[in-house]
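Enquirer: Fold the stuff below for me.
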Amino acid sequence: MEVRAHSFPKSEKLCSKTAISALMAKGHWSGTAHLRFCRLTNGAEINRVMFSVPKKLFKRAVKRNLLKRRLREAYRLNKEMLGGLSCMDLMFVYNSPEIADFACLQEEMREILRRCGNK
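Expert: Presented below is the predicted three-dimensional model:
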């Protein structure tokens, strides 16, 4: 199956409870100003990703959904920075009480993917 560079198909979404549990238990955590992320090499042939914005920080679903849309778009536009060397599971957790604009989130996403792509 061929995947276009700037798409985000369902196969790239991390949905399995067992995979998420393994990622949380064995994954390596790191962070930036607005984001925390966890990564773990998987046995699949594709990178799988999930995004989370805690209800504790943003009570309104509108704000949580806005941030998740921005994070997904930043990932979708920059995912080729990961390269095809090692396929991994990634989890991004928004970690700041203020709503960051898209340019800021995109720059942080580039930094994270650059770090993950080098390892």
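
Enquirer: Tell me the gap between stretch 68-79 and the middle of its chain.
Expert: 8 Å (C-alpha atoms, centre = their mean, to the nearest Å).

Enquirer: Contacts for it, please.
Expert: By C-beta atoms under 8 Å, 6 or more residues apart in numbering, the residues outside stretch 68-79 that reach it are 5-8, 35, 47, 49, 51-53, 92, 94, 100, 102, 105-106, 108-110, 113. C-beta coordinates here come from the backbone N, C-alpha and C atoms, glycine included.

Enquirer: if we go to 7 Å?
Expert: When contacts are defined by C-beta atoms under 7 Å, 6 or more residues apart in numbering, stretch 68-79 is touched by residues 6, 8, 47, 49, 51, 53, 92, 94, 102, 105-106, 109-110, 113.

Enquirer: Mind picking the one among the residues you listed that's closest to V62?
Expert: V53 (11.2 Å; C-beta to C-beta).

Enquirer: Let me know whether that closest one touches L66 as I believe.
Expert: No. V53 lies out of contact with L66 (C-beta atoms under 7 Å); the separation is 8.7 Å.
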